[in-house]
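In: just coords:
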């Protein structure tokens, strides 16, 4: 907006102490090609194919200004006789008159007032509004789904809901409400939660953001992006899905992609499916949860674990899992005797023979694991002979 000097000069050009409104800020002009009297326009789209589009800001631009014309100059060029080279934006404001019908510009000074057929114009030293910060910042990850978006400018500006766009993802608009205007910071409150695991793009539309006095727009659009938080996911389990030979005393661990809260009904353990097994559950929030069965798991049985999506939520945002996660594993079978030496029912066994027992898998055994009775009822193993235990691998 104009400085106190600009306001004072605006009053001066009105003449005779009459009240005057602040001149309209010139942002855009059209310059006839190759040269000619420039004209004021509200938008560069108003320039014809025979005119050069001239944006005053951020500049600089060089004008040749006289009491009757304004033409486009250059940094190293010389203005025609009777014209003064003027760099805009400059220090103090510069003032002009624009023909109401054609927009054609001429320069004036405090002693030369605009006519009734002209509008009072000015090019001020102030700069267009710019975005200084945003929340979330550009590139932020794991933004909560219920977040608002804020945009802060370097000065007070006027804005409406057409001044901003939220797209999640790009090309998919999200509706929102906007805090009051004018202001330096605007808060955009989405009408519903942002989508999971999505890159959202926010665009500040330059043409629809103007400074507080309504005469200077942003120079160009400003955009930034952020990524919303993903729903919790199961990343691994122990035992792994499809594991076999799992010990009957095994605990069960579920690892998640992030710290989660899990209720007491977040997990189901069935051995086999349809037959629940009780267990205790480690504390949350945590990124891993361990289930400890209350009793040994049944041998040779397929156990199924279900992680109930609605009962597992992100620890910070409360976002639940998207779907149940199910995995299963098989409990180890009990070892069996596969063969013996002497074989069952053998006759004519030497009195010095040892006894060998072969198992289906490696086992742990001690002298209390076997009885050798000769005849039945007499523990012969403690008196003489030997016994060999082998696993059949």
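Out: Sure thing, it's come through. The shown structure was predicted, so the numbers you read here are calculated from the model rather than taken from an experiment. Numbers count the residues shown, from 1 in each chain.
In: care to break this structure down by domain?
Out: Here the domain parsing of the chain from automatic domain parsing is 4-123, 131-228, 234-331, 337-391.
In: now these as CSV including mean pLDDT and mean neighbour count?
Out: (Each C-beta comes from the backbone N, C-alpha and C, glycine too.) Below are the domains of the chain laid out as CSV (pLDDT from 0 to 100; neighbours: other CB atoms under 10 Å):
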stretch, mean pLDDT, mean neighbour count
domain 4-123, 83, 16
domain 131-228, 95, 17
domain 234-331, 96, 16
domain 337-391, 78, 11
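In: Grab the nearest non-local neighbour of residue 24.
Out: Spatial nearest neighbour of residue 24, excluding adjacent residues (CB to CB, 6 or more residues apart in numbering): residue 121 at 5.4 Å.
In: which helices and strands does whichever strand or helix holds the one you found pack with?
Out: For residue 121, the host element (DSSP states H and E) is strand 118-123. Helices and strands touching strand 118-123, by 3 or more CB pairs under 8 Å, 6 or more residues apart in numbering; DSSP states H and E, are helix 4-14, strand 24-25, strand 94-99.
In: show me where the stretch 101-250 of the chain has strands.
Out: 105-107, 118-123, 131-135, 140-143, 149-158, 164-167, 173-174, 176-178, 183-190, 199-204, 210-211, 222-228, 234-238, 243-246 (DSSP state E, counting those that start in this stretch).
In: Tabulate those strands in CSV, adding columns for distance to residue 52.
Out: Formatted as CSV, the strands of the stretch 101-250 of the chain follow (distance: least, CB to CB, whole Å):
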stretch, distance to residue 52
strand 105-107, 14
strand 118-123, 17
strand 131-135, 29
strand 140-143, 41
strand 149-158, 29
strand 164-167, 31
strand 173-174, 35
strand 176-178, 36
strand 183-190, 35
strand 199-204, 27
strand 210-211, 24
strand 222-228, 26
strand 234-238, 60
strand 243-246, 75
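In: Out of these, which gets nearest to residue 48?
Out: In terms of CB to CB, the element of these nearest to residue 48 is strand 105-107, at 16.2 Å.
In: in its sheet, what does that closest one sit against?
Out: Strand 105-107 has its sheet partners listed here by DSSP bridges as strand 94-99 (antiparallel).
In: Need the contact partners of the partner strand.
Out: 9-10, 13, 23-24, 26, 39-40, 65, 70, 86, 88, 104-110, 114-115, 117-123 (CB atoms under 8 Å, 6 or more residues apart in numbering).
In: now swap in stretch 47-64 and tell me
Out: Taking CB under 8 Å, 6+ apart as the rule, stretch 47-64 contacts 26-33, 38, 41, 44, 70-75, 77, 79-80, 83-90, 123, 127-128, 216, 219.
In: OK, contacts around residue 282?
Out: Applying CB under 8 Å, 6+ apart, the residues near residue 282 are 288-291.
In: measure the residue of the chain positioned farthest from its centre to residue 68 for me?
Out: Distance from the C-alpha centroid of the chain peaks at residue 348, with 82.7 Å (CA atoms, centre = their mean). Per CB to CB, to the nearest Å, residue 348 is found 138 Å from residue 68.
In: Then residue 296?
Out: Residue 296 sits 103 Å away from residue 68, going by CB to CB.
In: How about residue 81?
Out: Counting by CB to CB, the separation of residue 81 from residue 68 is 13 Å.
In: on that earlier part again, farthest-separated two in the contacts of residue 282?
Out: It's 288 and 291 that sit farthest apart of those, by CB to CB, at 10.9 Å.
In: Could you name every residue contacting both of the two?
Out: Going by CB under 8 Å, 6+ apart, residues that sit against residue 288 and also against residue 291 are 253-254, 282.
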